[in-house]
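Asks: Could you work out the structure for the sequence below:
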Amino acid sequence: MTTHTAPRFPESLPAARTPDAGAAPPLRWGVMGTGWIAERFVASLQTHSSQRVVAVGSRSTGTAERFAGRFGIERAHPSYDALVADPAIDVVYVATPHNTHLDCALLALEAGRHTVVEKPLALNAEEARTIAEAAAARRLFCMEAHWTTFLPKYDVLQQVLDSGALGDIMAVVADFGEWFPPGHRIFRPELAGGPMHDLGTYLVSLVVTVLGHSPDQIVARGSRLDCGVAGQTAMVLSYGDRQAVLHTSILGNTPTSASLVGTTAGITIDGPFYQPGGFTLTTVDRDRSLRYEEPRSAHLGGLHYQAAEVARRIAGGETESPLRPLATSIATIAIMDEVRRLTGDLVAQERSTAAS
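Replies: Below you'll find the model as predicted:
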């Protein structure tokens, strides 16, 4: 009979291996879009990294010029076509609405630009594969801007998971609910609104990282708002005897925490689990625990890590990041597709295709 030794609870937590963002090779970035996430991306790069944002493109001259003036950006382009044609940029960051990610990513790739696409990479797995194929055909770098992946906290978490300190991971339990003001784009079906493409991406990405790309079974239920988008969605993803229980909502705020449940120890990630912050590793008998702390800084203090990763990979001649390869993004979106199919949460473009 073979005797298995139970994983040993660590004496201390490992240090983050995340390189200094300021030491990454400086690239010249062109930002496509001027919305909320574009503002925070540029501010984070300018505050915490060596990256240079040299151009911005919008659908109107006035919007591009105001954005450029606010952030001291050298050139403002009145169209996305003009932005990707700018010979002074090394990489394009696509920060446009979800329903335009496919077209905007292809526009940048076809112009020969390395491309980073804000999450979700695309509306569905088919579109995501199209982007991946376009990047591969041109041997260009391409990545989904899933900023959580690149935070120091998540490097420490990955080291703990890799050490086997949790034993067999049997469950992931997480939620992400947030209140949004009336008129927010998340309530607009034509912009692929609802919780799944925004908040749900973080939940499913966490499960894919911890339990794998391919659940055996997916069960989901959702509700729909009068405006035509989903209000909330509950999901159970099964991987044999292991399960992920997830909930996302745009009806109000929830703790937005996450738990990873193992046979010898568990991890509770403080809310918001997807942002910089802390977590606690605790033995199943609650006899011992270790605490990880880092400043809670939201997007401004975290978006620059992904940009530094992009810069290092492009400077090294690579076309993907091993921390967030396109295959992982596609697997995440494929799970989200199935959840949305089960709940009838189709976006406008998908409804049109289904009806034709």
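Asks: Could you use CA atoms for every contact and neighbour count after this?
Replies: Fine.
Asks: Sort out which residues of the helix or strand hosting T209 are buried, please.
Replies: For T209, the host element (DSSP states H and E) is helix 201-211. Neighbour counts over helix 201-211 (16 or more other C-alpha atoms under 10 Å) mark 201-208, 210-211 as buried.
Asks: Out of these, which is nearest to L303?
Replies: Y202 (14.6 Å; C-alpha to C-alpha).
Asks: now the closest residue to the closest one other than its chain neighbours: how far from P182?
Replies: Leaving aside its sequence neighbours, Y202 sits nearest to Y274 (C-alpha to C-alpha, 6 or more residues apart in numbering; 6.7 Å). Separation of Y274 from P182 (C-alpha to C-alpha, to the nearest Å): 24 Å.
Asks: So for these two, which residue has more residues nearby?
Replies: More neighbours surround Y274 than the other of Y274 and P182, with 24 against 8 (other C-alpha atoms under 10 Å).
Asks: Can you pull out the low-pLDDT segments for the stretch 251-356 of the chain?
Replies: 348-349, 351-356 (pLDDT under 70).
Asks: do that again at 50, thanks
Replies: The stretch 251-356 of the chain contains no residues with pLDDT under 50.
Asks: Tell me the bridge partners for A234.
Replies: R221, H247 (DSSP bridges).
Asks: from what I can see it touches I218, true?
Replies: No - under the criterion of C-alpha atoms under 8 Å, A234 is not in contact with I218, lying 10.6 Å apart.
Asks: so how far is L199 from the residue nearest to Y202?
Replies: 10 Å.
Asks: Only alpha carbons, please: show the strand or helix carrying L157 as CSV.
Replies: Using DSSP H and E, L157 sits within helix 152-163. Extracted in CSV, the C-alpha atoms of helix 152-163 (Å, rounded to 0.1, in the frame of the first residue of the first chain):
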residue,chain,number,x,y,z
PRO,A,152,1.5,40.5,-7.3
LYS,A,153,-1.2,39.0,-5.1
TYR,A,154,-2.1,36.5,-7.8
ASP,A,155,1.5,35.5,-8.3
VAL,A,156,1.6,34.7,-4.5
LEU,A,157,-1.7,32.8,-4.8
GLN,A,158,-0.4,30.8,-7.7
GLN,A,159,2.7,29.8,-5.8
VAL,A,160,0.6,28.6,-2.9
LEU,A,161,-1.6,26.6,-5.2
ASP,A,162,1.4,25.1,-6.9
SER,A,163,3.0,24.1,-3.6
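Asks: which residues touch the helix or strand that that helix is followed by?
Replies: Once the chain leaves helix 152-163, the next helix or strand it forms, by DSSP H and E, is strand 169-177. With C-alpha atoms under 8 Å, 6 or more residues apart in numbering as the test, strand 169-177 has contacts from 199-200, 203, 207, 211, 241-263.
Asks: Can you flag which of the residues you listed belong to strands?
Replies: 242-249, 258-262 (DSSP state E).
Asks: export these to a markdown table and tack on neighbour count and distance to Q51?
Replies: Output for the ones in strands among the contacts of strand 169-177, formatted as a markdown table (neighbours: other C-alpha atoms under 10 Å; distance: C-alpha to C-alpha, whole Å):
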| residue | neighbour count | distance to Q51 |
| --- | --- | --- |
| R242 | 16 | 41 |
| Q243 | 22 | 40 |
| A244 | 26 | 37 |
| V245 | 18 | 38 |
| L246 | 21 | 36 |
| H247 | 24 | 36 |
| T248 | 29 | 34 |
| S249 | 24 | 35 |
| A258 | 23 | 32 |
| S259 | 20 | 34 |
| L260 | 22 | 35 |
| V261 | 23 | 38 |
| G262 | 21 | 39 |
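Asks: What segments of the stretch 201-350 of the chain are helices?
Replies: Ranges of helices within the stretch 201-350 of the chain are 201-211, 303-315, 326-343, 348-355, based on DSSP state H, counting those that start in this stretch.
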